[in-house]
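# my questions are about this predicted structure, shown below with the sequence.
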Amino acid sequence: MNAKHAAPGTYQSTYDESIRHPETFWAKLAEEIVWTRRWTRVLDDSRKPFYRWFLGGELNTCYNCLDRHVEGGRAEQLALVYDSPLANTVRKFTYRELRDETARCAGALRNLGVRRGDTVIVYMPMVPEAVMAMLACARIGAVHSVVFGGFAAPELAKRIVDAKPRVVISASCGLLPGQAVPYKPMLDQALRIAGAADTPCLILQRPQLAAELTPGRDHDWDEAMAAAQPVECVAVASTDPLYIIYTSGTTGKPKGAVRDHGSHAVALRWSMEAVYDSWPGDVYWAASDIGWVVGHSYIVYGPLLQGCTTILYEGKPVGTPDAGAFWRVCRDHGVNTLFTAPTAFRAIKKEDPRGELVRQYDLRKFRTLFLAGERGDPDTIEWAHRILGTPVIDNWWQTELGWPAISNCMGIEALPVKPGSATKPVPGFDIQILDEGGKRCPRGTVGNLSIKLPLPPGSLYTLWNNEAGFESTYLARYPGYYLSGDAAVEDEDGYYSVMSRIDDIINVAGHRLSTGEMEEILSAHADVAECAVIGAADPLKGQVPVGLVTLKSGVTRSEEAICRELVASVRDHIGPVAAFKDVKVVSRLPKTRSGKVLRVTMRTIADGTTIKIPPTIEDQTVLPEITQALQALGYPRKD
Ligand code: COA
Ligand code: AMP
């Protein structure tokens, strides 16, 4: 039901139903998906704490995204609009065209030997062929793993080692303002590091920068497509893996969250109407990157499962060409719903604080702005609401969960917005804030944001080839619950606010990064004795990483040179996306008497908030030097 017509209390009754009777709740929603064989069991709980949905069912996700709409009367409706101010190009695909291209791409993958169950790495910029590649994998039952283009070769290599792809799909280059970033040398280096240099590669040559292809191993996209026959969708088990998405953990080893076909299709389609109030024929734009979960769920799968038109935008919120870029895209393509990260709006606000550019565009079709990926600060939310005059909806979720777990469900019943809170649990997610002992915290008390099992359809069901890691990372802390890694608080009205991470994950411009991984890289430098990387508050990016290092005794090299090498090393290992630019040498790091580095204390100094000095600190006299070092780096940051 559309929220505009919802009776008060509809949210609560829907939520209660989802928690009390999950099987009937989800079975009803599963009817909206086309199955080639109906499931025999809605929820399989025979292997607790591992749960699976829609056992015995068979379907094809690509069929549900494309073919069913072609057959059901949407063949000539736009499915995908590619808008690239960086390539100065707009390309539009109807559902029929996208289905046909995808079917041919599936044929090309078959010709390269890809079979059902094989993995395929997709390392591509924001081009329509990336969407086709993902859907083509789904079409033949192959498991895709998309890697964000801003990662450096060693990060890509880790994913290649873990996923063992049958084929890698890539492009000659990505585009950034003023430059084409060559992808092929990065891919070649990654394959070498991974010891997989003979993996067949399918390469899209972009006109901005051609790549040299390795004869016998690399295949040109256009030639492979021309030689391929379109292939039909293959029915796969509901519980078969659809994709792996790697995300930062607390170490340098990324975790491959796995999602299945059946439950993913059911949940993602429903989330489009329930959370985003988006319906068949609507135009939906997630301004993110296909390399992130937002891109998977809301550039590709959600909108297409729901029969919407999805926008693929290769550009930035500012500078391509100005801070009116988002409004231009919304006007040109009649966008109804926009989803992006708060950072994008902070960037727009910085350039156009009075929102003058937005008034230059006819945005009558625009209905709602959704923000997620990092904390939505009230200033940004209120500013966006003021300049757009539409609801601005914060929603909380994670790569692991795949779709919003806390949100104002605009398609069920629009609740009053409280800036700073993501509102209430989405039906299906039994959110509970637990204390250290595992008891539910009283309202108003911050605790660990946890979700009572089973997780609803669409969430991860394991880590790729690492079920033990899945259990130990997420399920062991509180038996019967999923541990999110976030700290949160529930207020007196049952609204939830997510405060911070409880681990060493930081969120830089909506990108999830591990400070632990950065510390591993800094520690590997020959001159570094000890190091700490903290996430310091930044008015644009939310957080940025800042490193403090001590040097080994006897090191006499210039500190500046060492710092330059450390910055370069993080960039070379993780990639530019780490945005690691600030590092300083200090004589000592603050520690507890047991030798634990006091990162939280340093963070409070960097943020200019009340300094938290634990009673267990070994020696307080180290703090003035830390304060000075952070000040020299420009912290606390001002607007
Ligand atoms: N390939 C290669 N490099 C990339 C890249 C890609 N796909 N994406 C980003 N980078 C590089 C950038 O060029 C930058 O490099 P630099 O240090 O040489 O300048 C670095 O990675 C950091 O990128 P970013 O954090 O995006 O900063 P930015 O200054 O380029 O842009 C914003 C700032 C706010 C405009 C940008 O972060 C943004 O649009 N954020 C929206 C958030 C978002 O999409 N989040 C996704 C999850 S929803
Ligand atoms: P990712 O897996 O990259 O989507 O990052 C997930 C993490 O981003 C969460 O665990 C939170 O720490 C943070 N996050 C995402 N959305 C929100 C939000 N709406 N409010 C606060 N934090 C958020």
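Okay, I see it. Ligands and ions are numbered 1, 2, ... in the order given.

# the residue of the stretch 501-639 of the chain found nearest ligand 2: how many residues sit nearby?
The stretch 501-639 of the chain approaches ligand 2 most closely through Arg512 (3.3 Å), counting by CB to the nearest ligand atom. Where you see a C-beta, it was placed from the backbone N, CA and C, and this is true even at glycine. Counted with other CB atoms under 10 Å, residues neighbouring Arg512 total 18.

# pull the number of nearby residues for Ile412.
24.

# ok, it to Lys591 distance?
50 Å (CB to CB, to the nearest Å).

# ditto for Ala524
For Ala524 relative to Lys591 (CB to CB), the value is 21 Å.

# please identify the residues of the stretch 201-350 of the chain in proximity to ligand 1?
Counting by CB under 6 Å from any ligand atom, the positions of the stretch 201-350 of the chain adjacent to ligand 1 are Ser288, Asp289, Trp292, Val294, Lys316, Pro317, Val318, Ala341, Thr343, Ala344, Ala347.

# looking at the residues you listed, which is nearest Ala325?
Pro317 (6.2 Å; CB to CB).

# and the pLDDT for that closest one?
On pLDDT, Pro317 comes in at 98.

# what helix or strand is the spatially closest residue to it that is not a sequence neighbour located in?
Excluding the flanking residues, the one nearest Pro317 by CB to CB, 6 or more residues apart in numbering is Ala344, at 4.1 Å. Using DSSP states H and E, Ala344 sits within helix 342-351.

# mind giving me the packing neighbours of the helix or strand just after that helix?
Once the chain leaves helix 342-351, the next helix or strand it forms, by DSSP H and E, is strand 368-371. Using 3 or more CB pairs under 8 Å, 6 or more residues apart in numbering; DSSP states H and E, the elements in contact with strand 368-371 are strand 337-340, helix 378-388, strand 392-396.

# can you list the buried residues in stretch 153-165?
Ala153, Pro154, Glu155, Leu156, Ala157, Lys158, Arg159, Ile160, Asp162, Ala163, Pro165 (16 or more other CB atoms under 10 Å).

# what's the answer for stretch 456-473, then?
By 16+ other CB under 10 Å, the buried positions in stretch 456-473 come out as 456-464, 466, 469-470, 473.

# centroid-wise, who is the farthest residue in this structure?
Gly554 (43.6 Å; CA atoms, centre = their mean).

# mind checking how far it is from Ile290?
Counting by CB to CB - Gly554 and Ile290 are separated by 48 Å.

# same thing with Ala79?
For Ala79, the distance to Ile290 equals 15 Å [CB to CB].

# which residues sit in contact with Leu43?
By CB atoms under 8 Å, 6 or more residues apart in numbering, the contact list for Leu43 reads Pro22, Glu23, Trp26, Tyr51, Arg52, Trp53, Pro454.

# most neighbours, which of these?
Trp53 (30 neighbours).

# relative to Glu31, how far out is that one?
Computed as CB to CB, the Trp53 to Glu31 distance reads 14 Å.

# ligand 2 contacts on the stretch 501-639 of the chain?
So the stretch 501-639 of the chain meets ligand 2 at Arg501, Asn507, Arg512 (CB under 6 Å from any ligand atom).

# where is pLDDT lowest across those residues?
Of all those, Arg501 carries the smallest pLDDT score, 89.

# that residue reaches Asp486, doesn't it?
Yes. Applying CB atoms under 8 Å, one finds Arg501 in contact with Asp486, separated by 5.9 Å.

# if you count contacts, what does the top helix by length along the chain end up packed against?
Using DSSP state H to define each element, the chain has its longest helix at helix 95-111. In terms of contacts (3+ CB pairs under 8 Å, 6+ apart), helix 95-111 is packed against strand 78-84, helix 128-139, helix 221-227.

# interface residues of the protein facing ligand 1?
Checking the chain against ligand 1 by CB under 6 Å from any ligand atom, the hits are 149-150, 174, 176, 181, 288-289, 292, 294, 316-318, 341, 343-344, 347, 373, 509-510, 576-577, 579.

# mind running it again at 5 Å?
Neighbours of ligand 1 within the chain, by CB under 5 Å from any ligand atom: 149-150, 174, 176, 181, 288, 292, 294, 316-317, 341, 343-344, 347, 373, 509-510, 576-577, 579.

# can you list the low-confidence ranges for this structure?
Scanning the chain with the threshold set as pLDDT under 70 gives 1-5, 251.

# Arg440: neighbour count?
13.

# kindly report the same for Phe370.
When neighbours are defined as other CB under 10 Å, Phe370 has 26 of them.

# can you redo the helices and strands packed on helix 95-111 as CSV with mean neighbour count?
Shown next, in CSV, are the helices and strands packed on helix 95-111 (neighbours: other CB atoms under 10 Å):
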stretch, mean neighbour count
strand 78-84, 22
helix 128-139, 27
helix 221-227, 15
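
# which of the helices or strands spans the closest residue in space to Arg440 that isn't next to it in sequence?
Leaving out its chain neighbours, the residue that sits closest to Arg440 by CB to CB, 6+ apart is Gln432, at 5.5 Å. Element membership of Gln432, judged by DSSP H and E, is strand 430-434.

# that strand - contacts with which helices or strands?
Taking 3+ CB pairs under 8 Å, 6+ apart as the contact cut, strand 430-434 packs with strand 447-452, strand 481-490.

# which among the helices and strands packed on helix 95-111 is found nearest to ligand 2?
Counting by CB to the nearest ligand atom, ligand 2 lies closest to helix 128-139 out of these; the figure is 18.0 Å.

# what's downstream of the closest one, the next helix or strand?
Toward the C-terminus, helix 128-139 is succeeded by strand 143-146 as the next helix or strand (DSSP H and E).

# need phi/psi at the nearest residue to Glu559 once chain neighbours are set aside.
Nearest residue to Glu559 in three dimensions, chain neighbours excluded: Val585, at 4.4 Å (CB to CB, 6+ apart). Per-residue torsions, Val585: phi -90, psi 130 (degrees, to the nearest 10).

# what's Lys316 in contact with, if anything?
Taking CB under 8 Å, 6+ apart, we find Lys316 in contact with Pro177, Ala325, Ala347.

# swap in Thr14?
Contact analysis of Thr14 by CB under 8 Å, 6+ apart lists Ala274, Cys409, Ile412, Glu413, Pro427.

# relative to Ala257, how far out is the residue in the stretch 351-500 of the chain that ligand 1 sits nearest to?
Nearest residue of the stretch 351-500 of the chain to ligand 1 (CB to the nearest ligand atom) works out as Gly373 at 3.6 Å. In this view, Gly373 and Ala257 are 16 Å apart by CB to CB.

# ok, now Lys316?
Using CB to CB, Lys316 is found at 27 Å from Ala257.

# what's the nearest residue to Glu97 if we skip its chain neighbours?
Excluding its sequence neighbours, the residue lying closest to Glu97 (CB to CB, 6+ apart) is Ala79, at 7.6 Å.

# correct me, but that neighbour touches Thr309?
Yes. Using CB under 8 Å, Ala79 makes contact with Thr309 at a distance of 6.4 Å.

# for the residue in the stretch 101-250 of the chain that ligand 2 sits nearest to, give its distance to Cys330.
Nearest to ligand 2, among the residues of the stretch 101-250 of the chain, is Thr247, at 5.3 Å (CB to the nearest ligand atom). Separation of Thr247 from Cys330 (CB to CB) stands at 29 Å.

# neighbour count winner among these two?
Cys330 (25 against 19).

# so what's the residue count around Thr609?
Using other CB under 10 Å, Thr609 has 11 neighbouring residues.

# cool, Asp493 as well?
The number of residues packed near Asp493 is 12, by other CB under 10 Å.

# grab the nearest non-local neighbour of it.
Counting by CB to CB, 6+ apart, the residue nearest Asp493 is Lys418, at 7.9 Å.
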